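Student: Build me a model from this:
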Amino acid sequence: MKASIRRSPKRVFLRADLSLGGQPRQVSRVLRELEAEHVLNRAGQGVYLRAAESAPVEELLAEVKTRLGKRVNRLVTLGNITIQVGVTAASNRNAQAELDVFKLRLAQKVIEKIDIKTIRRCGLENLARWKQNDVWCSAYDEWRSLLEAGSDEEIIVAMTGEDEDSNRLRQSPPYVGLLDRRLVEQLREAI
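Tutor: Residues are numbered from 1 along each chain as shown. Next up is the predicted model:
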């Protein structure tokens, strides 16, 4: 392993680079030995730097980010600096806020792709099936009244409004199943 580290042009190594098919305990033991011999320095969970590396922190950080990928969330220590890697502004939002955004975009896409007559018909069919199967909540009563007697504009406002009532109603939408699953997943991933 020492020889492969010395031959490698990499400055940043991941545990997976160094496992060479060994058992996890064996790999951990060898990595501890390489740290004790000052061949590698542990920079974080599964991240190691060549011990003699004296590159600027910015360069090492960029290489660490490249090696870890964008979906990793990890603390990395470079010299005497500890940095959070992989956290983006979007991931700092709470789960409910992300769900609210997703539900709004989903409703907007339904309005864009499906005519209001079909939204009414399918929504009422879903509500009837859910009532028959004893899957019911108070929001469904509101949706049923709206779909049966509300104007097209009232339905659109309930689906896409940014007020508290519209947001609450969107949490239990009766217009599910109207969009292709791939489109729904694309909307979910875009959040």
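
Student: And the lowest mean pLDDT element among the helices and strands of this protein?
Tutor: strand 81-85 (a mean of 77; mean pLDDT, DSSP states H and E).

Student: any low-confidence regions in the protein?
Tutor: The model of the chain has pLDDT under 70 over residues 53, 70-71, 87-93.

Student: biggest helix in this protein, by residue count?
Tutor: Across the chain, the longest stretch assigned as helix under DSSP state H is helix 95-113.

Student: list the helices and strands it packs on?
Tutor: Here helix 95-113 touches helix 152-160, helix 164-170, helix 181-189, going by 3 or more Cβ pairs under 8 Å, 6 or more residues apart in numbering; DSSP states H and E. In short, each C-beta sits where N, CA and C put it, glycine included.

Student: So which of these is nearest A139?
Tutor: helix 164-170 (5.7 Å; Cβ to Cβ).

Student: Return the set of buried residues in that closest one.
Tutor: Judged by neighbour count (16 or more other Cβ atoms under 10 Å), helix 164-170 contains these buried residues: S166, L169, R170.

Student: Repeat that for stretch 1-13.
Tutor: M1, I5, R11, V12, F13.

Student: Which of the helices and strands packed on helix 95-113 sits closest to G123?
Tutor: Using Cβ to Cβ, the helices and strands packed on helix 95-113 put helix 152-160 closest to G123, at 8.5 Å.

Student: Check the chain for me, the residue farthest from its geometric middle.
Tutor: E37 (39.3 Å; Cα atoms, centre = their mean).

Student: how about it, what does it touch?
Tutor: Residues near E37 by Cβ atoms under 8 Å, 6 or more residues apart in numbering: K2.

Student: No further questions, thank you.
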